[in-house]
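> Model the following, please.
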Amino acid sequence: MNIYVNEITGIADAIVSMFMSKRSWTREMETEIRAVCDRVLTRHGKINADADAGDLEQYSTWLDNLLKWGWQHITMLRFIDMSVTVQGLHRAGQDDWDSHAARFGNRIIRSSTRLAEFGYEVSDWYADKIVPTDLALEYLGISAPERIEKDGVTFVRTVNGYIREDVKDSADVKRGLYMLSIPSNFIFKINLTEWGHVFKERNSRGNANPEVKMCCEKIADQITEFQPKLDRELFLKIKN
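From the prediction side, this is the model:
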């Protein structure tokens with residue numbers, strides 16, 4: 001399984017939002033915030049360590065104040081979005097991740113078992129733990145018939161079982177034999193406030209599937225690599 005945090009966006013917006021409630025905002029201030037963020041952050045939202053020291057200090061001060069208030073005034077942190085691509089999480093784990101679709105603002109698209117075909121592949125976590133029946137028979141030197149008859153109807157052999165011959169090429173039928181251990185790829189976006197909730201539910205100390213917890217922790221690691229102040233302590237503290 002591979003995890004890719006692609007970018008973190010909206011930090012300048014979140015900082016600007018901090019000055020709105022008490023009417024301390026001015027357009028000049030907002031322009032300066034955006035200019036500093038443009039100089040300090042790469043286009044993917046990572047901190048540019050080679051940026052001007054004064055800009056880095058100003059950015060750090062703003063971000064400290066944003067996080068000081070944002071963990072409880074959570075609308076501010078909703079301005080910060082993370083884009084994440086996941087490669088190879090098993091399908092059942094993908095279903096677990098899909099349960100948070102509302103937290104993603106429904107911004108999640110995954111590999112379809114209807115539009116894509118799967119063979120005997122399983123996710124990395126399952127690779128040394130299970131052997132599909134077809135492969136087990138092959139290892140044992142046992143040949144399964146290519147066709148079987150059931151109640152006078154012919155079924156042909158395919159991945160993980162048999163399909164009625166007249167529908168053997170139907171994607172909708174083939175998916176009925178796919179195992180929940182097949183690897184799935186997906187891309188999603190989530191804001192920082194909602195990520196706090198997902199992290200609380202799916203981190204290594206929770207009750208999620210082991211591979212789902214690995215996925216969650218790897219995402220957390222990469223978010224913190226982008227922005228060191230966006231760390232596990234903050235994720236757990238955010239009210240949502």
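> Farthest from the middle of this structure: give me that residue.
In the chain, the residue that sits farthest from the middle, by Cα atoms, centre = their mean, is residue 152; the gap is 46.7 Å.
> Relative to residue 164, how far out is that one?
12 Å (Cβ to Cβ, to the nearest Å). Every C-beta, even on glycine, is put in place using the N, C-alpha and C of the backbone.
> swap in residue 42?
When Cβ to Cβ is applied, the distance between residue 42 and residue 164 equals 54 Å.
> what do you get for residue 58?
Note on residue 58: its distance to residue 164, by Cβ to Cβ, is 68 Å.
> With residue 156 instead?
For residue 156 relative to residue 164 (Cβ to Cβ), the value is 8 Å.
> coming back round to it: please say which of residue 58 and residue 164 ends up with more neighbours.
Between residue 58 and residue 164, residue 58 has the larger neighbour count (other Cβ atoms under 10 Å), namely 17 against 13.
> Confirm that the more buried one lies within a helix, as I assumed.
Yes - secondary structure assignment (DSSP: H, G, I helix; E, B strand; the rest coil) places residue 58 inside a helix.
> Check what pLDDT it gets.
Residue 58 is assigned a predicted lDDT (pLDDT) of 98.
> Surely it is in contact with residue 37?
No - with contact taken as Cβ atoms under 8 Å, residue 58 and residue 37 are classed as non-touching, separated by 9.7 Å.
> where do the helices sit along this protein?
Secondary structure of the chain by DSSP state H: the helices cover 11-17, 27-40, 53-70, 91-98, 133-139, 171-174, 192-202, 210-226, 232-237.
> closest one to residue 182 among the ones you listed?
Closest to residue 182 of the helices of the chain, according to Cβ to Cβ: helix 91-98, at 5.0 Å.
> Who are the packing partners of the closest one?
The helices and strands touching helix 91-98, judged by 3 or more Cβ pairs under 8 Å, 6 or more residues apart in numbering; DSSP states H and E, are strand 108-110, strand 183-191, helix 210-226.
> List the buried residues for the first one?
Looking back up the chat, that one is strand 108-110. Of the residues in strand 108-110, 108, 110 count as buried by neighbour count, 16 or more other Cβ atoms under 10 Å.
> now swap in stretch 118-130 and tell me
For stretch 118-130, burial by neighbour count (16+ other Cβ under 10 Å) applies to 118, 122-123, 125-126.
> Then stretch 133-143?
Residues of stretch 133-143 classed as buried by neighbour count (16+ other Cβ under 10 Å): residue 134.
> average pLDDT across it?
Per-residue pLDDT over stretch 133-143 has a mean of 94.
> ok, now stretch 88-96?
The average pLDDT for stretch 88-96 rounds to 96.
> That stretch: how far from the chain's middle?
10 Å (Cα atoms, centre = their mean, to the nearest Å).
> hmm, who's touching it?
By Cβ atoms under 8 Å, 6 or more residues apart in numbering, the residues outside stretch 88-96 that reach it are 1-2, 97, 110, 113, 122-126, 178-186, 202, 208-209, 211-212, 215.
> about what we covered before: what's the spacing between the residue farthest from the centre of the chain and residue 57?
80 Å.
> Please apply the same query to residue 193.
Residue 193 sits 26 Å away from residue 57, taking Cβ to Cβ as the criterion.
> swap in residue 83?
Between residue 83 and residue 57 the distance, using Cβ to Cβ, works out to 28 Å.
> These two - which one has more neighbours?
Here residue 83 and residue 57 are compared on neighbour count by other Cβ under 10 Å; more neighbours surround residue 83, at 17 against 12.
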